[in-house]
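Engineer: Build the 3D model from these lines:
(4 chains)
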Amino acid sequence: MIEVANDNILDLAPVWLSLKLSAVTVVILLIVGLPMAWWLAFTRSRLKVTIEAVTALPLVLPPTVLGFYLLVFMGPNGPAGQLWHVLAGHSLAFSFTGLVIASCLYSLPFVVQPLQAAFESLDRKAVEAAWTLGASMVRTFVTIVLPQIRRGLLIAIVLGFAHTMGEFGVVLMVGGNIPGETQVVSIAIYEQVEMLNYQSAEKLSAGLLVFSFLILLLVYSINRQWGRGLKA
Amino acid sequence: MIEVANDNILDLAPVWLSLKLSAVTVVILLIVGLPMAWWLAFTRSRLKVTIEAVTALPLVLPPTVLGFYLLVFMGPNGPAGQLWHVLAGHSLAFSFTGLVIASCLYSLPFVVQPLQAAFESLDRKAVEAAWTLGASMVRTFVTIVLPQIRRGLLIAIVLGFAHTMGEFGVVLMVGGNIPGETQVVSIAIYEQVEMLNYQSAEKLSAGLLVFSFLILLLVYSINRQWGRGLKA
Amino acid sequence: MSRIRVDVRLKRDGFVLDCDLDIPEQGVTAILGPSGSGKTTLLRVIAGLETPDQGSITVGDKVWVNTGNRKFLSSQKRKVGMVFQDYALFEHLTVAQNIGYGLPRRQRGQLVDKWINRLHLESLEGRYPHELSGGQKQRVALARALATEPDILLLDEPFSAVDVSLREKLRRQLQEIVKTLEQPVLIVTHDLEEVHHLADRIGVMVDGRLSRIGQSNNVFDDPGNYEVAKILGWRNFLPVKSITSTAVTGAWGELSLEQAIPVDTDWLSIRPYHIRLTTEEPGGLCTEVVHVRELGAVREMECRLRDGTRLVMQSSWHEPLPAPGSQVWLKLPLQHIQVLCDSPLVQIRQSGNTTARLADRSVDQFTRGKRVVPMEKQS
Amino acid sequence: MSRIRVDVRLKRDGFVLDCDLDIPEQGVTAILGPSGSGKTTLLRVIAGLETPDQGSITVGDKVWVNTGNRKFLSSQKRKVGMVFQDYALFEHLTVAQNIGYGLPRRQRGQLVDKWINRLHLESLEGRYPHELSGGQKQRVALARALATEPDILLLDEPFSAVDVSLREKLRRQLQEIVKTLEQPVLIVTHDLEEVHHLADRIGVMVDGRLSRIGQSNNVFDDPGNYEVAKILGWRNFLPVKSITSTAVTGAWGELSLEQAIPVDTDWLSIRPYHIRLTTEEPGGLCTEVVHVRELGAVREMECRLRDGTRLVMQSSWHEPLPAPGSQVWLKLPLQHIQVLCDSPLVQIRQSGNTTARLADRSVDQFTRGKRVVPMEKQS
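Structural biologist: Modelled structure (predicted):
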């Protein structure tokens, strides 16, 4: 299953693939995560605890377990895989689309939890004040809520993006290692190491290390400037 | 490098190895994490943001990158590896000790961040009151601080344990796949899938899924009962 | 502007609000009550931020809420101006943007200018809320609420967010603004002083129910029952043990009366400044001086009656008072003694049973709490 | 108990505390000042929760702090009893466990019982803090602090966490407890009323400095400068433009004097209840009535002088007052007029320069703020 791209020259294709995957994933997760986080922040439902636990599952679940179930679900014999085969003509597993689905599940808590925390610390009085002043739900959200949750939103985007960049276990199982299609950067590093091609691995690793560190430095600095800790 | 344990009967050795690894890692991380979280919560140092970013690095860094550096560091030619070889007579990489070191680094943010949040929301007035009443630092910590951070402590233990259980990328690179020594459960699943041995993989996955979910349910329930959200 | 009628019931984790309130076309109505008595919930129900379980709210001929036909106008569609307890200004918007938030875009500039002038906020237009003092914040919150020309202005604890030392000044500012308004104002507070000179009408809320409502002076002078009197700051209460046609007796002594008082009187009360020192004589009460305090223009003396009940009397700063420990006789002028019963809310109103309302007792023609003998109106 | 001497300087993000304070062996010293003036920081420095940059704290012959030889006794080793603003009770411990926390195990049971009795906390031993009322919490916090028999009791804003309606009662409770204590008590507050009858000595803190300290009555009667007078609740201030040997002139009019006043007088002031109504005559000031308010035993009238300056006068509730809008003449009895200068802190004290201390001006023998002519002690 492991296909080998054998060159000593640094191949940047995995990096671009990772960036593309992360960007698509974050956009989808924001669309899904905002209403979900809102619901979790304000619901009094008894289901809240269960939904919170399900959302947080990727945080503690071994990526191989998640990957295994996704593989079964999206594989040629799985329900989603069969449906996809009829629609798109190829398998969902070992495709970029499959990777996106897996990434969304895997990075979900990193987007939903900061948003939920932001919504929970929302100044509800200001929201209510906007209502009594006649502002519609949409206007209230755009003019009052968004400016308040900007920090949580930024953290959600950055963590979601960075975590998708770093994904390995799930991707390895669901996406395999097809250059240009599913060979993201974390897998490329693994492969280089397996091939004892330490120099390439070193270059990719150093790049990612610096990238991750700078992103976190940015997050924590903004965080400190805008108020209290990340804790989200 | 991948050694194959070829049996269809469910081998529980990887599960026990994972549990042992998690327990050892959590104990070490508590010893390291408590003073670290305390410092992060109360320091006014300019280094705070940098240390916070370094601590959070494993959250966003691809596990293969971390694994790669650990491999280089602990391998036969790395400084730690050479030292260890002199002391213990065998390599640090591909050993249980190496796994513990890797796990501690990988799970550090999951232990430090909840503790830091707990310390930050500490009722400092109560601590100061204890001081003015003549209580020593140790007595204050045990009688006033610990009861207050019990929730953060529980979350730190549970998340640290569960996340170590789920570790894959780092372990695969640093530990390899030596049954009884470094073949933890997440790697065992990967191997079963690679060998198209879906039934074994299914059983292990189901067990881990239920385990992870129950743990999170516990965390969020306690969380709800004790006060406000996990957010840590 | 329109008369507003609120008649709502709401139950939430053991707390019950059961309130029947008429707000006239103009003037200030204040709802007074201890924390947790449901005052703020009442405001929120009127503002549309809470949904009552039962009841109706009508403003003139507009129906805002009627649970009978499931009508519930959302907060956005009600014309309410609400000033929140902590002002709830939009922290990321300037003063001018805050005031203009609720206004249609075309008139915004003009109306904002008008309200900035009216509330003396010139030169603050460009500031952000965190750059304002407590009093300025309050004026911005008022301007923001009033700019939309609401049918009613709601104020939630307007001074609780302000230092004690600034309250007096803010109170006067608010008074000046509020007196010029065309719409009715409803203030909710637990601070007596706030309402004393701000409110035309006062309602007293106890445990989610309006125990007493009426014209400000009437309510202050005739609280009717012990609970309300305590909330209104009354201080001297003599428990009544028995009543004959000419005298009232308690463990504290006996007072002769010139006129019969209601037989179910539970307490006698008198204002501190109506009590006089006297030499031993019939009608005086023997007391021991416990405490003398100077309060600026007033000197205050606390005395203990023979059963331990305490009476407070006040006199002017230039009148001499006996020293603590000495024995004095106090005269309680009969025309200033007032009678109180225990809380009238012995019979709990059944939710929905609108025929036997206790609230009907709490209109201005309240039959209790009249003075014992008629007297000329003390200014 | 021992005399306590505090002389500390501390700088933190632009805020400067520079305080020189002597606390006698017994009695209540209150530090009054607006929020942010550094009162709480002073308490924390004494309690050992903040480290001063410079200075010393000595208790009798024990040295707690001396930055000169780097001595700094930790909070644990100082014998201080601190009652925090929000009481800071241990939420997970019962009342009895809270009170016993600072006590050696052997005497714990006996001492806890003693303090539970002394502060009337019987029947509450087993409760947790969240099950207590504000007043009960305060008593527990007091008992906890006093049980360790500290050298000094520190109280930080003792009533700010309590509803206004309860303050009066708590104030009296606290007064009773505090009067019986053997150790000195230092209270920090921004609430005038709290200290008026609680404190033997009063210090007024402005911008981290003690502007004035002395016996309670002296400070209240002779604040010395305008800033302190305002903090102490004085209300009538007439700005002085020129002074001749017999008269003081301002935009508000002229007052003739019987005796010379200091040439650097910036303000005249008078208490509301010392002003009298008068017919037109020399020495009277022409004013327009703006406002009349009834405050129970007192009636208060606000008048506007010709330059817009406002004067407030108070009279007894049974004296008639003119209606708003009418013109009246006010008499300011010369013996009650007091003179104030602007803040004496024009010269900023250099850190460490202990020779030219302005604090030396703020002892009881303060040379300003004396009455214009001598008078018999009013009271």
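Engineer: Could I get the full set of helices for the chain?
Structural biologist: Using chain A here. A:13-42, A:48-60, A:63-74, A:79-88, A:96-120, A:124-132, A:137-140, A:146-166, A:169-174, A:185-194, A:198-226 (DSSP state H).
Engineer: sorry, should have said chain C
Structural biologist: C:39-47, C:95-100, C:105-118, C:134-147, C:164-179, C:192-196, C:216-221, C:226-231.
Engineer: returning to that earlier point: and among the helices of chain A, the most buried is which?
Structural biologist: helix A:169-174 (a mean of 29; mean count of other Cβ atoms under 10 Å in any protein chain shown). All C-beta spots, glycine's among them, are computed from the backbone N, C-alpha and C.
Engineer: Summarise which helices and strands that helix is packed against.
Structural biologist: The helices and strands touching helix A:169-174, judged by 3 or more Cβ pairs under 8 Å, 6 or more residues apart in numbering or on different chains; DSSP states H and E, are helix A:63-74, helix A:96-120, helix A:185-194, helix B:185-194.
Engineer: among the ones you listed, which is nearest chain D?
Structural biologist: helix A:96-120 (22.1 Å; Cβ to the nearest Cβ).
Engineer: Could you confirm whether the closest one reaches chain C?
Structural biologist: No. Helix A:96-120 stays clear of chain C (Cβ under 8 Å from any Cβ of the partner chain), getting no nearer than 14.3 Å.
Engineer: how about low-confidence regions in the chain?
Structural biologist: Unless you meant another one, I'm taking chain A. A:1-10, A:225-232 (pLDDT under 70).
Engineer: switch to chain C, that's the one I care about
Structural biologist: For chain C, the ranges with pLDDT under 70 are C:1, C:161, C:163-165, C:280-283, C:343-379.
Engineer: per the record, what domains does it have?
Structural biologist: Structural domains annotated on chain C: C:4-226, C:233-358, as defined by automatic domain parsing.
Engineer: coming back round to it: make CSV from the helices of chain C and add mean neighbour count and distance to residue D:248 to it.
Structural biologist: Shown next, in CSV, are the helices of chain C (neighbours: other Cβ atoms under 10 Å in any protein chain shown; distance: least, Cβ to Cβ, whole Å):
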stretch, mean neighbour count, distance to residue D:248
helix C:39-47, 24, 50
helix C:95-100, 24, 41
helix C:105-118, 15, 37
helix C:134-147, 24, 32
helix C:164-179, 16, 27
helix C:192-196, 20, 34
helix C:216-221, 19, 42
helix C:226-231, 21, 47
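Engineer: a markdown table please, covering these and showing distance to chain A.
Structural biologist: Output for the helices of chain C, formatted as a markdown table (distance: least, Cβ to the nearest Cβ, whole Å):
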| stretch | distance to chain A |
| --- | --- |
| helix C:39-47 | 5 |
| helix C:95-100 | 9 |
| helix C:105-118 | 12 |
| helix C:134-147 | 7 |
| helix C:164-179 | 18 |
| helix C:192-196 | 20 |
| helix C:216-221 | 27 |
| helix C:226-231 | 26 |
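Engineer: closest to chain D out of the ones you listed?
Structural biologist: That would be, of the helices of chain C and by Cβ to the nearest Cβ, helix C:164-179, which comes in at 5.5 Å.
Engineer: could you give the angle of the closest one to helix D:164-179?
Structural biologist: Angle of helix C:164-179 versus helix D:164-179, following axes from the mean of the first three to the mean of the last three Cα atoms, to 10 degrees, is 160 degrees.
Engineer: Next up, the contacts around the closest residue to chain D within chain A.
Structural biologist: Chain D sits closest to residue A:224 of chain A, with a gap of 15.7 Å, by Cβ to the nearest Cβ. Counting by Cβ atoms under 8 Å, 6 or more residues apart in numbering or on different chains, residue A:224 makes contact with B:48, B:49.
Engineer: mind redoing it with 7 Å?
Structural biologist: residue B:49 (Cβ atoms under 7 Å, 6 or more residues apart in numbering or on different chains).
Engineer: Tabulate the helices of chain C (JSON lines), appending distance to residue B:155.
Structural biologist: Listed next are the helices of chain C as JSON lines, based on distance: least, Cβ to Cβ, whole Å:
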{"stretch": "helix C:39-47", "distance to residue B:155": "34"}
{"stretch": "helix C:95-100", "distance to residue B:155": "39"}
{"stretch": "helix C:105-118", "distance to residue B:155": "48"}
{"stretch": "helix C:134-147", "distance to residue B:155": "38"}
{"stretch": "helix C:164-179", "distance to residue B:155": "42"}
{"stretch": "helix C:192-196", "distance to residue B:155": "45"}
{"stretch": "helix C:216-221", "distance to residue B:155": "53"}
{"stretch": "helix C:226-231", "distance to residue B:155": "45"}
